[in-house]
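Colleague: sharing a sequence plus its predicted fold:
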Amino acid sequence: MIYCTNCGASNADDANFCGKCGKPLQGEVRPDASSRQPVRAEHHDARTEKTLWEGRPSDLGDQIKTGLLMNNVRYKITSQRLIVTTGLVGKKSEEVELVRIKDIAMEKTVMDRMMGVGTIIVYSSDPTTPEVRLEDVKEVEKVKDLLRDAVRAEKELYGTRYREDL
């Protein structure tokens, strides 16, 4: 018997590939007759969600609210989702999968420019959240570009193609 180090499945001694997961069995562990436990390798999932950016509104009014512990809006961009959480006592969370994002826009009013913040507007194909606004974001250009790169990477991973709605 030969055991796959990826999934632990037992295979015939002459097998070249695992019958369960399809991984090549070259160089796999061939236990002796006294050892009948499958050998499992550590499996690192390439799809583990990673936090790319976290923030909250940062204009003057929001800074005062934060000082009073009343700023209840948080933004989070992960490698798979955009999450907006609101609420001081009761929490509400809006999530948009990055593969569903169709377009990203940015706004900077005169006051925003004076405060060093801006608004990111995300348009998605999500039926419950077709538009998400990340308001008063510091370094708005960098955050927008980070979100754009994450969306492109996620769409490339899933083989999502761009098309125009006619």
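Modeller: It's in. Numbers count the residues shown, from 1 in each chain.

Colleague: any idea which helix or strand of the chain has the worst average confidence?
Modeller: Lowest by mean pLDDT, DSSP states H and E among the helices and strands of the chain is helix 60-67, with a mean of 55.

Colleague: after that one comes which helix or strand?
Modeller: Using DSSP states H and E, the helix or strand that follows helix 60-67 in sequence is strand 73-78.

Colleague: could you list the buried residues of the helix or strand following that next one?
Modeller: Later in the chain than strand 73-78, the nearest helix or strand by DSSP H and E is strand 81-86. Buried residues in strand 81-86, counted by 16 or more other Cβ atoms under 10 Å: 81, 82, 83, 84. (Glycine included, C-beta is placed from N, CA and C.)

Colleague: looking at those residues, which is nearest residue 152?
Modeller: When these are compared for distance to residue 152 (Cβ to Cβ), residue 82 wins out at 13.9 Å.

Colleague: so what sits opposite that closest one in the bridge?
Modeller: residue 77, residue 96 (DSSP bridges).

Colleague: surely it and residue 99 touch.
Modeller: No - proximity of residue 82 to residue 99 does not meet the contact threshold set by Cβ atoms under 8 Å, at 11.1 Å.

Colleague: that'll do, ta.
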